[in-house]
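# Need a 3D model of the following:
(2 chains)
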Amino acid sequence: MMKSTEVLTLEQVSKSFPATLRGGEPIQILEGVSLTLNRATSIAITGRSGSGKSTLLQVSAGLLSADSGSIRFEGKEIPCLDDEHLSRLRSRSMGFIFQSSLLLDDFTALENVQISAMIAGYSERDASRKALAMLELVGMQDRLGHTSDQLSGGERQRVAIARALVNEPSLIFADEPTGSLDERNAALVEDLLFSLVAEREVALMLITHNLAFASRCNTVYRLHNRNVEVRS
Amino acid sequence: MKQGLLRLLVLRKLGYKGSRAARKRILFNLVLITLVVGALVFAQIFVVSMSKGIADKYALLGNGHLQVHEDSTRDLPEKDGVLDVQLVSQSYALIYSPEGNKMVRLKGVEDGYFNELRTSQITLMDGIPKESTTLEQVLLSTTLADELQVGIGDRVALMLVGDDGIRPQFCVVGNLYDSGYRELDANLAFCDYNLIHRLFKGSEETYHELLVTQERIEPLKQEYQDDGFMVTSWDEENFTIATNLNTSRQAVLGVMVAVAMLCGYFISELSRELVEDDKHQIAMLTLLGARHSLIRSVYFYTVMMVTILSMIGGTLLGIVMSSNLSPLLSAVADRSIPSLSYYLLDFSVVYPLGDILVIVLVLLLVSVVSVQFSLRRVKRIEPLSCTHFD
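Now for the predicted structure:
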């Protein structure tokens, strides 16, 4: 029964980077990491800078290849997926939120969200309808026609949340989503993120330095000595 | 489903609702390619039109499209496509004036020779002889008259070389003509058909000069040959000129095709530049799950739209520019490049659609291939790289 709710499973995942561009002794970042993330649950990965938190997120999302170990997303072995399947997985089942909102510059808030839905295969009309609904949900209905440079940091991050959720993914990867925001906006984004994740039963992998933010997740991991340990 | 996304992204890349910088970049490349294509099309039309103009002058004034070398008493059978038949005699003579002399080809023609077909190719000067005379008249070109420094009504001498030695024949310049092509005019003079016979007493060459429709030149030549006539065409009679014209045309087309290929390569630089500038966006689209093939299509269609619009614009520009070719060339010759007046300046513009199509297709083909090659770099942009722009 529990098996069917698993969204992401990491087993003995290791990742290293070459010391220099020319090779040399590799730097081990992750070593034998195992964790499981179920639907409608959230985990936070904390740790000091350079401990490999972002690397863990990127490996989990298939953005970086692991040296060894197994990464299963909804039962599919990510390292075995080709470009087409990985793209499909990213567009339909994963959502990404980064420290910087990473919106498409020449596009409006509505178009940024709409494009994500269109990549997932929705028609222009359906994508627009879904994007509009999502932007209303994050309180951006008055900023639909504004481009990235016309939005504040908090507004951009809300658009990014809308974009990450528009295709109803099973997992959101959030890498320091409030890292570049002031306290007030960070709190707004935190609330929004957790309420939408809970409401839509989406799993969340959160990378953060902020322990208060992390503590809102079901499980908090600390990345230490290249492996994760449960913090709370 | 992906068509809507493709359209949205392509339109934005083309500058529709996009940033001012994107619009300026596209517009700059559009104008640049349009000008190059316009110049190529213009140059090709110019070369082909001038070649055809020169060929027409030689055919209509020099030898006719076909020459039937046969006894003048034998009638030619009537055939479809024959526009005019004239009996012509020709020989060569030194023409003298008090100020100069020149070896010319002297053509003896009958009254009906300068009919509408030929007068459309030349300008006959107005003027009457200064005094009444019983001397035979010759028709000189303005180019030749300038060299000999004579005008209408002036006397010239034809120095005739025969078996009985060299003897002069005095004539009067009855009129002047100008075909617009000095190379031909400088060596061609006309006189009465009977005068040639009297002067050269059988050493002259006599033939039927035929003007025919362009597409019937070769079939008619064959038909007359089948009827037992000895027939030559104008390009056989003027082999060097015809070959030069043809070679020039082919060579210029070759150069135009080479330039079109370079232009095609330049177009791939536009796609390279677009991809380089949009690395961040491409990485982000990949992160959102867009496939490389979709992203490549966006840039491919964007660049191809610019290319096709430029080619249409450039072709139209070239055609519009060349539609005023003769007045333009005359003005340039008069004001800045006098040596241009030795070329044919007055000719009908023909639009070599085949050549234009070759240039346009080569440009299109090279740009398609080179753009595809340059878009391979899209695959090298990792989705993760968009986070490096933080």
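# Contact partners for residue 207?
All of this is about chain A. A:44, A:45, A:53, A:54, A:56, A:57, A:174, A:175, A:176 (C-beta atoms under 8 Å, 6 or more residues apart in numbering or on different chains). Bear in mind the C-beta positions are built from the backbone N, C-alpha and C, glycine included.
# You answered for a different chain; I wanted chain B.
Going by C-beta under 8 Å, 6+ apart, residue B:207 touches B:67, B:68, B:69, B:70, B:87, B:88.
# Need the buried ones from these selected in ChimeraX.
In ChimeraX syntax, the buried subset of the contacts of residue B:207 is picked out as below (16 or more other C-beta atoms under 10 Å in any protein chain shown):
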select /B:67,68,70,87,88
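# Kindly reformat the contacts of residue B:207 as TSV containing secondary structure and pLDDT.
Below are those laid out as TSV (DSSP: H, G, I helix; E, B strand; the rest coil; pLDDT from 0 to 100):
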residue	secondary structure	pLDDT
B:67	strand	90
B:68	strand	89
B:69	strand	85
B:70	coil	70
B:87	strand	89
B:88	strand	91
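# Now the stretch 51-200 of chain B against chain A: closest residue?
Residue of the stretch 51-200 of chain B nearest chain A, by C-beta to the nearest C-beta: residue B:51 (49.5 Å).
# typed the wrong thing, it's chain B
residue B:289 (2.4 Å).
# What number of residues are in the vicinity of that residue?
Residue B:289 sits with 23 neighbouring residues when counted by other C-beta atoms under 10 Å in any protein chain shown.
# How about residue A:191?
11.
# Only C-alpha atoms, please: export the helix or strand encompassing it in PDB.
Here residue A:191, judged by DSSP states H and E, is contained in helix A:183-200. C-alpha atoms of helix A:183-200 as PDB (Å, rounded to 0.1, in the frame of the first residue of the first chain):
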ATOM      1  CA  GLU A 183      11.400  38.700   5.300                       C
ATOM      2  CA  ARG A 184       7.900  39.700   4.500                       C
ATOM      3  CA  ASN A 185       7.900  38.400   1.000                       C
ATOM      4  CA  ALA A 186       9.700  35.200   2.100                       C
ATOM      5  CA  ALA A 187       6.900  34.500   4.600                       C
ATOM      6  CA  LEU A 188       4.300  35.100   1.900                       C
ATOM      7  CA  VAL A 189       5.900  32.700  -0.500                       C
ATOM      8  CA  GLU A 190       6.500  30.100   2.300                       C
ATOM      9  CA  ASP A 191       2.800  30.200   3.200                       C
ATOM     10  CA  LEU A 192       1.700  30.100  -0.400                       C
ATOM     11  CA  LEU A 193       4.000  27.200  -1.200                       C
ATOM     12  CA  PHE A 194       2.900  25.000   1.700                       C
ATOM     13  CA  SER A 195      -0.800  25.800   1.400                       C
ATOM     14  CA  LEU A 196      -0.800  24.900  -2.300                       C
ATOM     15  CA  VAL A 197       1.400  21.800  -1.800                       C
ATOM     16  CA  ALA A 198      -1.000  20.600   0.900                       C
ATOM     17  CA  GLU A 199      -4.100  21.500  -1.000                       C
ATOM     18  CA  ARG A 200      -3.000  19.700  -4.200                       C
END
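# Show the secondary-structure elements that the lowest-mean-pLDDT helix or strand in chain A is packed against.
The least trusted helix or strand in chain A, going by mean pLDDT, DSSP states H and E, turns out to be strand A:227-230, with a mean of 82. Applying 3 or more C-beta pairs under 8 Å, 6 or more residues apart in numbering or on different chains; DSSP states H and E, one finds that strand A:227-230 contacts strand A:27-38, strand A:219-224.
# Roughly how far does residue A:217 sit from residue A:184?
Distance, residue A:217 to residue A:184, by C-beta to C-beta, to the nearest Å: 21 Å.
# do residue B:153 as well
For residue B:153, the distance to residue A:184 - C-beta to C-beta - is 105 Å.
# and what of residue A:11?
41 Å.
# Looking at those two, which is more packed in?
residue A:11 (13 against 9).
# what residues are up against whichever residue of chain A sits closest to chain B?
Going by C-beta to the nearest C-beta, chain B is nearest to residue A:91 of chain A, at 2.4 Å. By C-beta under 8 Å, 6+ apart, the contact list for residue A:91 reads A:116, A:119, A:120, A:121, A:167, B:288, B:289, B:290.
# what do you get for residue B:299?
B:13, B:271, B:274, B:275, B:278, B:371, B:375, B:378.
# biggest separation within the residues you listed, which pair?
B:278 and B:371 (14.7 Å; C-beta to C-beta).
# Can you get me a residue count around residue B:201?
Number of residues near residue B:201 (other C-beta under 10 Å) recorded here: 12.
# how about it, phi and psi?
phi 50, psi 50 (degrees, to the nearest 10).
# And it, what's its pLDDT?
On pLDDT, residue B:201 comes in at 76.
# contacts with chain B among the contacts of residue A:207, please.
On the criterion C-beta under 8 Å from any C-beta of the partner chain, residue A:175 are the entries of the contacts of residue A:207 that sit beside chain B.
# so where do the strands sit in chain A?
A:6-17, A:27-38, A:42-46, A:68-73, A:76-77, A:94-97, A:171-175, A:203-207, A:219-224, A:227-230 (DSSP state E).
# mind listing what's buried in the helix holding residue A:191?
Neighbour-count burial for helix A:183-200 [16+ other C-beta under 10 Å]: A:185, A:186, A:188, A:189, A:190, A:192, A:193, A:194, A:196, A:197.
# So the third one sits against residue A:155, correct?
The one in question is residue A:188. No: with contact defined as C-beta atoms under 8 Å, residue A:188 does not reach residue A:155; the gap is 10.0 Å.
# show me the contacts for the residue nearest the centre of chain A.
Centroid-nearest residue in chain A, with C-alpha atoms, centre = their mean: residue A:173, separated by 1.3 Å. Contact analysis of residue A:173 by C-beta under 8 Å, 6+ apart lists A:57, A:60, A:61, A:94, A:95, A:96, A:97, A:205.
# Residue A:90 versus the closest residue in space to the fifth one that isn't next to it in sequence, what's the distance?
Distances taken as C-beta to C-beta, 6 or more residues apart in numbering or on different chains put residue A:164 closest to residue A:95, at 3.1 Å, once the chain neighbours are dropped. Noted for residue A:164: a distance of 11 Å to residue A:90, by C-beta to C-beta.
# residue ranges with poor pLDDT in the stretch 251-390 of chain B?
B:338-343, B:388-390 (pLDDT under 70).
# Which residues of it lie near chain A?
B:280-281, B:284-292, B:294, B:382-384, B:386-387, B:389-390.
# now chain A, which segments are flagged as low pLDDT?
A:1-4, A:20-23, A:232.
# go again using 50 as the cut-off
A:1-3 (pLDDT under 50).
# What parts of it come near chain B?
A:58, A:63-64, A:83-84, A:87-92, A:94, A:96, A:98-100, A:102, A:104-107, A:111, A:115-116, A:118-124, A:127, A:163, A:175.
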